[in-house]
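Asks: here is my input; please provide its structure:
(chains A, B, C and D)
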Amino acid sequence: MEHTLTIQHRDDDASRIGMWLFIFTELFLFAGLFLVFAVYRVKYYEGFHLAAKELNVTVGTINSIILLLSGMTMGIAYLAIQKAKNKLTLAMLGITILLGIIFLVNKYFEWSVKFEHGLYPGSPELISLSKGDVMFFGLYFFMTGLHALHLIAGLILIVIVFGAVIRGRVHSTKYALLENCSLYWHLVDLVWLFLFPLFYLIN
Amino acid sequence: MFSGASNFVNSVDRLTLLIFLISLFFLVAITATMIYFVFRYNMKRNPKSEHIEGNLTLEIVWTIIPLILVGFMFIYGWRDWKMMKSPPKNAFTIKSNARMWSWSFSYPNGKVTDTLFVPMNKPVIINVNSSDVIHSLYIPAFRVKQDVVPGNKNFLWFIAQKEGTYDLFCAEYCGLRHAYMTTAVVAMPQKVFDKWYIDTAAVAKVSATGKLILPGLAIIKRNGCTACHSFDGSKIVGPSFKGIYGEKTTVVVNGKEQQVTVDDDYILESIYDPNAKVLKGFQSNLMQPYKDLISKDEVKEIAEYIKSLK
Amino acid sequence: MSQTSVSYLEYQGKYKGILGWILSTDHKRIGLLYLYTIVSFFLVGATLGLLMKLELIAPGRTIMDAQTYNAFFTLHGITMIFLVVIPGIPAIFGNFFLPIMIGAKDVSFPRLNLLSWWLYVIGAAIAISSQFLGSGPPDTGWTFYAPYSLRVPTNVLSAVLGAFVLGFSSILTGINFITTMHRMKAPGMKWMKMPLFPWSLYATGWIQILATPIIGITLLMIVAERLFKIGFFDPSLGGDPLLYQHLFWIYSHPAVYIMILPAMGVISEIIPTFARKTIFGYSAIVISSFGIAFIGYFVWGHHMFAAGMSARSLWFFSLLTFIVAIPSAIKVFNWVATLYKGSINVQTPLYWALSFIFVFLIGGLSGLFLGSLAVDVHLTDTAFVVGHFHFIVFGGMGYAFMAAIHYWFPKIYGRMYDKSWANTGWLIFFMGFLALYFTMFYLGMKGQPRRTYDYFEEYHSGNIISSLGAIVMLFGLAIIIINLVRSARHGEKAPADPWGGKTLEWTIPSPPPIENFEEIPEITHDPYDYK
Amino acid sequence: MMEPIKKKVEGYRLYMITFTVLSILTLIAVWLTHVRFASPLVIGLIMLIAAIQAIIVLFYNMHLKFQDKILTIFVGLIFSLIFLLIIVTMLDFVYR
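Replies: You can find the predicted model right below:
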């Protein structure tokens, strides 16, 4: 509609505020899960303690570092676009995508090892264990799964931004999309910062 | 109100009345003021309005006064509720089990009933338990209620103070027959209760109304089977008991149809492993195994009773 | 006539006909889209309610069986809560009037706004499809309490997923409104010069953003539990059914404030206009909105007083429940004080607004009984609770909705409705409403449990009155709707400012031109300037 | 309201420094669990480290430090609200 052309003036600050509000929503989505985690940790103190030992701390640590590194490359991409260094931006976005994929691959192997051991929801092995174990692995799969879904969404977003930079739709004076994408990517980072110690370290 | 049927009635009703009077005062006062203003300051009478932006003193006054009033309601409500959770030590303890859609009550001496019998003027604790979903044990006349959450322990207690029979409801929605998950509380003088309580011989033969019945029926009633199975051929949730004994029927086993004859063995299987052979046209997984609740001898009595329903 | 001064109703954009509506990013058209869809769903829900009341007119089977009745009250709850009252006022009147009242040409994200509506329609379609797909309509009640909702074979999944999508729609609307108020207020409109309806939407927006995700994740857990056997809430797998109730009410209690805050905003607009006088205690009303939003976030436990929570929780929740009554009371006092020394123009919207105060008072005061622990034990899960929340939700949001539609109707359609029919409709509706819901207090005090298909003879007389009330109320509703629908096409032309309102929407023509303002106004005075 | 502060954001180095600090903190947390198991003190320390990491991410990676103060206040309120939410729910589960 032609009239919208006059109405839809560009307001980067508005889109940033909107993004932050959306991030608040996402934080509460995970807050609900952390709440569930806290409740069952109190209820099944022993079970959680033992079940947490099943997780591989090394893989978890490597994944943490990968995610933090991708946060860095994302941040550099955000700076580079402001300095009109499109090539550097693209390179950094590319590395971020790559790191995100490595994280997912690691996660995939971590999950499949659990599946091989029969530690997945509804499996006969898991049912035979204590209720604390059942709950721990239920939460583990649900929370890391939801986090992985967010990561995939973030990756898709970066790919879109990548295309937009190539086609010149995102550039040094118009980079709100990249900024919001970066905010979202860091949200994924932020959530992992809590997921990692809760599942892997506190045992 | 103030019937004194249980020890909680008067305190709860007193608080209810207090809140009611305060509420009524505010409702009438505010509504009357509102209507008065609409007439007094009507456009025709008062063509020019005055400019008043607010008044801090008034704001403070009408914040503080309600705050004090609700503070009292809170304190009294808390105090009276505390009582409902502090049973005396010498109380008589009854276990209650809720299932879709019936109640059963077991007494310390092993007696099990579908109606709650309690002695008067003696504290009674009811430990509640649910074998499937959430129910809620509610005796309106006593002003007591407790949700029955599977997996969580809970209780309620009261002292029945007046002889009589009172309604007992399930107050938490629990599925198809929720509305029919009702029974009665019978409060009787200690002497009458003792007589009823000691008389284990009569247990199988006397129902709440005191009529003589077949032992099988007593077992059926006690276990709440009638919540889902009728005696008159009508379909409730499960099949009716009427005229089924000796008949050939079609059942579904693992998704395949099969013919069986309703005999003692089939009745036993249907009670101990109800989802193995489900009568065609009925849903599975609604009934739970009664293996721990009904002995083999009792099943025989039930089969006898079903036989008698022609 | 230049393109910009054409009314939004007649404007021809890129798309013609129906597409010009369902693909329009104009906030006014989206507001009307919401109006039509929400009113349709309201009529569905009301019909279900009426059928339920007819079933309850006598004990035993009257017109339907128990399974149908249980499915009906579930669908009635889902439709009314998720499809009608939560989006109701913000999505319809917020969309239409928020930009105009703050002097903006549209919301911050017009396309996102359209997406919200589409998500609403999709969510509604999924929720309604639960009635026809799979193994029968869900019969869990709109609360989906575990473990019942995990075990029943009925089609709970699509109802839950529908509610999830609807939550998304609600969140996006909240984000949009808050951003709009931060970025698009007209020059000179400081925060404390903003009218009260936008203020209430601001507080509502925050609740939408901060509470809705909790129900989202809870419903996802129900889905995971039904599909993958993760035992979050099933006691046989180690879950705690009470945790489900906590999570559910962490959202669903604040949801009541998503409904009632905008309703209060509407009343705060109508009363100064018809008293021709500035609002009494502007800042008290603003602050109380945030008081309600914040304290209201921490009272969810009062839905679970009989569920077996710890004594400390009960203490905490009961205390806060009483405290949250105070900001609502402050609003009522300020509204009544606004009438004092006014020059009151008694019109249909004012009838609705004053009757709102009356029924809302009854609803709020009956809440005091339920907030008090000892009394709540007796009254919770009885008809008393049903009466209470219908007075609050229907009496609150419903009456404010009626007040709003009668107040802004001339602005929306540029035509006036028939006032005497509107008043007749109001009176009949009001009488029916009181008979229908007031008797529930009596029935609850006598101990009739809620959500029951059948009842004992001792509750019969009360139920007859209640059911007759429902018929009377719907008769009144029919008069109101027919009057409005007729007037939207055939009513006499309305002037720009039929009521003598002072907020910005009354400074532009009726119906508003496509771009709202020829020139963005400069704000120099308070919102209700009757000096 | 919520105008960005025009001061331009520093160089790439900032992100490298935050990455290094965050990684070291992660490694410290992992090392802590190897030193001693599950004492409340260690759990507290680990959660403290997570909180510090979160603050670094929020302020530097998400540029909170360079935005209008009101946004920082909002973020602070959000996290307090989450904290309160968990505390209030725990009132039930810890003392039941």
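Asks: which helix runs longest in chain D?
Replies: helix D:69-95 (DSSP state H).
Asks: that helix close to chain C?
Replies: Yes - counting by CB under 8 Å from any CB of the partner chain, chain C is contacted by helix D:69-95 at D:78, D:81, D:84-85, D:88-89, D:91-95. In short, each C-beta sits where N, CA and C put it, glycine included.
Asks: so what's residue A:132 closest to, chain neighbours aside?
Replies: Ranked by CB to CB, 6 or more residues apart in numbering or on different chains and with sequence neighbours excluded, the top spatial neighbour of residue A:132 is residue A:47, at 1.3 Å.
Asks: ugh, typo on my part, it should be residue C:509
Replies: residue C:496 (5.3 Å).
Asks: over to residue C:283?
Replies: Using CB to CB, 6+ apart, the closest residue to residue C:283 is residue C:192 (7.0 Å).
Asks: confirm the one you found sits in a helix?
Replies: Yes - the assignment for residue C:192 by DSSP: H, G, I helix; E, B strand; the rest coil puts it in a helix.
Asks: quick one: it from residue B:307, how far?
Replies: 83 Å (CB to CB, to the nearest Å).
Asks: kindly report the same for residue C:125.
Replies: For residue C:125 relative to residue B:307 (CB to CB), the value is 53 Å.
Asks: circling back to that earlier point, pull the number of nearby residues for the residue nearest to residue C:509.
Replies: By other CB atoms under 10 Å in any protein chain shown, the residues close to residue C:496 number 15.
Asks: residue B:147: what secondary structure?
Replies: Under three-state DSSP, residue B:147 comes out as strand.
Asks: so it bridges to which residues?
Replies: residue B:136 (DSSP bridges).
Asks: returning to that earlier point: okay, residue C:192 and residue B:307: which has more neighbours?
Replies: Higher neighbour count among residue C:192 and residue B:307: residue B:307, with 17 against 11, using other CB under 10 Å.
Asks: least trustworthy helix or strand in chain B by mean pLDDT?
Replies: helix B:215-222 (a mean of 77; mean pLDDT, DSSP states H and E).
Asks: quick check: phi and psi on residue C:305?
Replies: Backbone torsions of residue C:305, given as degrees, to the nearest 10, read phi -60, psi -30.
Asks: please enumerate the helices of the chain.
Replies: Just going to use chain A. Going by DSSP H, chain A shows helices at A:2-7, A:12-43, A:45-51, A:57-82, A:86-116, A:124-128, A:131-166, A:176-196.
Asks: was after chain B, sorry
Replies: B:9-40, B:56-84, B:190-198, B:215-222, B:264-272, B:296-308.
Asks: again with the stretch 201-350 of chain C
Replies: If DSSP state H, counting those that start in this stretch is used as the criterion, the helices of the stretch 201-350 of chain C fall at C:241-275, C:282-295, C:311-339, C:348-371.
Asks: likewise for the stretch 351-500 of chain C?
Replies: For the stretch 351-500 of chain C, the helices defined by DSSP H, counting those that start in this stretch cover C:373-379, C:383-389, C:399-413, C:419-446, C:460-490.
Asks: now render those as JSON lines, adding mean pLDDT, mean neighbour count and distance to chain A.
Replies: Converted to JSON lines, the helices of the stretch 351-500 of chain C look like this (pLDDT from 0 to 100; neighbours: other CB atoms under 10 Å in any protein chain shown; distance: least, CB to the nearest CB, whole Å):
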{"stretch": "helix C:373-379", "mean pLDDT": "93", "mean neighbour count": "26", "distance to chain A": "23"}
{"stretch": "helix C:383-389", "mean pLDDT": "94", "mean neighbour count": "24", "distance to chain A": "24"}
{"stretch": "helix C:399-413", "mean pLDDT": "94", "mean neighbour count": "25", "distance to chain A": "19"}
{"stretch": "helix C:419-446", "mean pLDDT": "94", "mean neighbour count": "20", "distance to chain A": "32"}
{"stretch": "helix C:460-490", "mean pLDDT": "93", "mean neighbour count": "17", "distance to chain A": "24"}
